[in-house]
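**Q** Next come a sequence and a model predicted from it.
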Amino acid sequence: MTILVEPEVGVEKPPELTSVDLTTRTKAAANTARELEDEGLTLEPTAEDKDVAAKLAMSYADNPDKTSKKVTSEKAATLTPASLVLTDSILKEFGRSVVESAVHIRHMVTNKLVLETENPDAKIRIRALELLGKISDVGLFAEKSEVTITHQSTDDLKAKLRKKLEKLAEPEDKIEDAVVIDGESFNVDEELGIKDD
């Protein structure tokens, strides 16, 4: 479908606003692109579009004011509609704090991996699925071990230790080829501080 555009002659362009936040600028551009998509514009992002969107989002997370000042209307006009829509979705989905904390980076990486599961290359799809399975929330490939903690009183522990030491001192079975070591003998109860009543 062809869109007919009739330009208005003599309309002055307003001066560039001092600073428009990148999220505001990409939101407006993405809304326009989505309206045009309804009229037949293709918004399928290329690898280059994905790189541009990632760089813009990372730059914005690093220094929002500086990035917003650098991406003027003229520079935004040179970006493809797909990269603007992708940048908008990244910034909208994760907000300004997308890279300010590890939790948000984790979400961004997870979403990127989800996008890669649709990659036409089977190796990339399988690797993305494998990495998604290793995420601790999913835990599909995680090795789990259980630790059981048994709380015992000091007296119980002393009694168990005494039994083990007595077994070592006086084994039930005759040990053949035993090595005899000369030394002092001691009273296990005295060493453990237990008095006979």
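**A** Perfect, thanks for sending it. All values derive from a computational prediction rather than experimental measurement. Numbering: from 1, shown residues only.

**Q** check contacts around the residue nearest to Thr42 when sequence neighbours are not counted.
**A** Excluding the flanking residues, the one nearest Thr42 by Cβ to Cβ, 6 or more residues apart in numbering is Ala82, at 7.9 Å. C-betas here are computed from N, CA, C, even on glycine. The contact partners of Ala82, by Cβ atoms under 8 Å, 6 or more residues apart in numbering, come to Ala33, Thr42, Leu43, Glu44, Pro45, Thr46, Asp49.

**Q** chain center to stretch 187-197: distance?
**A** Put simply, stretch 187-197 sits 56 Å off its chain's centre (Cα atoms, centre = their mean, to the nearest Å).

**Q** Now do the buried residues in that stretch.
**A** Applying a neighbour-count criterion of 16 or more other Cβ atoms under 10 Å, one finds Val188 buried in stretch 187-197.

**Q** Kindly report the same for stretch 38-52.
**A** Leu43, Pro45, Asp49, Lys50, Val52.

**Q** same thing with stretch 22-38?
**A** Leu22, Thr23, Arg25, Thr26, Lys27, Ala29, Ala30, Ala33.

**Q** any chance of those residues in CSV, plus distance to Glu8?
**A** Shown next, in CSV, are the buried residues of stretch 22-38 (distance: Cβ to Cβ, whole Å):
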residue, distance to Glu8
Leu22, 28
Thr23, 29
Arg25, 23
Thr26, 26
Lys27, 25
Ala29, 21
Ala30, 24
Ala33, 22
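
**Q** Of the buried residues of stretch 38-52, which is the nearest to Gly133?
**A** Lys50 (22.6 Å; Cβ to Cβ).

**Q** That closest one against Leu86, yeah?
**A** Yes. Here Lys50 lies in contact with Leu86, judged by Cβ atoms under 8 Å, at a distance of 6.5 Å.

**Q** Which helix or strand contains the most centrally placed residue in the chain?
**A** Residue closest to the average C-alpha location in the chain (Cα atoms, centre = their mean): Arg106, at 2.0 Å. For Arg106, the host element (DSSP states H and E) is helix 102-116.

**Q** Val179 in helix, strand or coil?
**A** Here Val179 takes the coil state, with states given by DSSP: H, G, I helix; E, B strand; the rest coil.

**Q** quick one, what contacts it?
**A** So Val179 contacts nothing (Cβ under 8 Å, 6+ apart).

**Q** What does the pLDDT read for it?
**A** Note on Val179: pLDDT of 73.

**Q** Next: Glu8.
**A** 83.

**Q** Count the residues that sit near it.
**A** Using other Cβ atoms under 10 Å, Glu8 is surrounded by 5 other residues.
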